[in-house]
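[1] Below: sequence and its predicted model.
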Amino acid sequence: MSEKQEIRKRIRTLRKALSASEHRVKSERICREAARWVDHKALSGEQSANRSVFVYLPYEHEIDVIPFIQHCWDRGYTVYAPHVDQAAGQMQLFQIRSLSDVEVGSYCIREPKLSLPLLPATRWAMLDWVVVPGLAFDQHGGRMGYGGGYYDRFMARVAASHPEESDRRPLCIALAFGLQVIDHVPMEVHDLRVDCLITEDMTLVIDSASYND
């Protein structure tokens, strides 16, 4: 078993062992902290006037991010959710305005309905925040996903469509249980790093200068 496989197996086991009550309480706390952080960024004027967020829909034992999504709707932020095109190995982003815009798709994963407004890939760089799923994270922005590479390819396409004269890009946020934070995540050059890591016990903004520490 490779190092990455061992880490994935261990974190899956730890996350699955949380009781329903622990999972709910910790998820709610993390969502509250995430809501405070994005509201602060929005009020600071650092983000666009549109205030848009791309966020995954939780599956199985992942953090329940629905309270965070609801907060974004309440604040009038534009919310996009992913639909995975497995044949193409890419994601499409559809705007969701309520949970009625969501249906159960392949592998019992919740997805936005395909009749909803689609955000073209040429506009992905204009997003303010991207909430990324993952199994393990470290305090240098390291992230280990599920092995599909969807979010790595997503951010690569964002970078490719990013205007050269602009330094603006979406900020990547990881919402994680504390048990998912490890000392070091093995990373490849192309792997996505996060800008902010939020757990039930901390909010850590990662300085890109620490990536090579």
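    Sure, I can see it. All values derive from a computational prediction rather than experimental measurement.
[2] ok now do the nearest residue to Pro117 once chain neighbours are set aside, which residues does it touch?
    Leaving out its chain neighbours, the residue that sits closest to Pro117 by C-beta to C-beta, 6 or more residues apart in numbering is Gln95, at 4.4 Å. For the C-beta atoms, the positions are set from N, CA and C on the backbone; glycine is no exception. Residues counted as contacts of Gln95 (C-beta atoms under 8 Å, 6 or more residues apart in numbering) are Thr78, Val79, Tyr80, Asp101, Pro112, Leu116, Pro117, Leu118, Leu119.
[3] want to throw those into CSV with neighbour count and secondary structure?
    CSV is the format used below for those (neighbours: other C-beta atoms under 10 Å; DSSP: H, G, I helix; E, B strand; the rest coil):
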residue, neighbour count, secondary structure
Thr78, 18, strand
Val79, 21, strand
Tyr80, 22, strand
Asp101, 17, helix
Pro112, 23, strand
Leu116, 17, coil
Pro117, 13, coil
Leu118, 15, strand
Leu119, 18, strand
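[4] out of the residues you listed, which one sits closest to Gly178?
    Nearest to Gly178 among these is Val79, at 26.0 Å by C-beta to C-beta.
[5] what comes up buried for the longest helix along the chain?
    Assignment by DSSP state H gives helix 20-44 as the longest helix of the chain. Across helix 20-44, burial judged by 16 or more other C-beta atoms under 10 Å covers 23, 26-28, 30-31, 33-35, 37-38, 41-42.
[6] mean confidence score for that helix?
    Helix 20-44 shows a mean pLDDT of 95.
[7] What is that helix packed up against?
    Where contact means 3 or more C-beta pairs under 8 Å, 6 or more residues apart in numbering; DSSP states H and E, helix 20-44 is packed against helix 66-75, strand 129-132, strand 171-175, strand 196-198.
[8] Quick check: the residue positioned nearest the centre of the chain vs Trp37, distance?
    What sits nearest the mean C-alpha location of the chain, by C-alpha atoms, centre = their mean, is Val132, with 1.6 Å. Val132 is 14 Å from Trp37, where distance means C-beta to C-beta, to the nearest Å.
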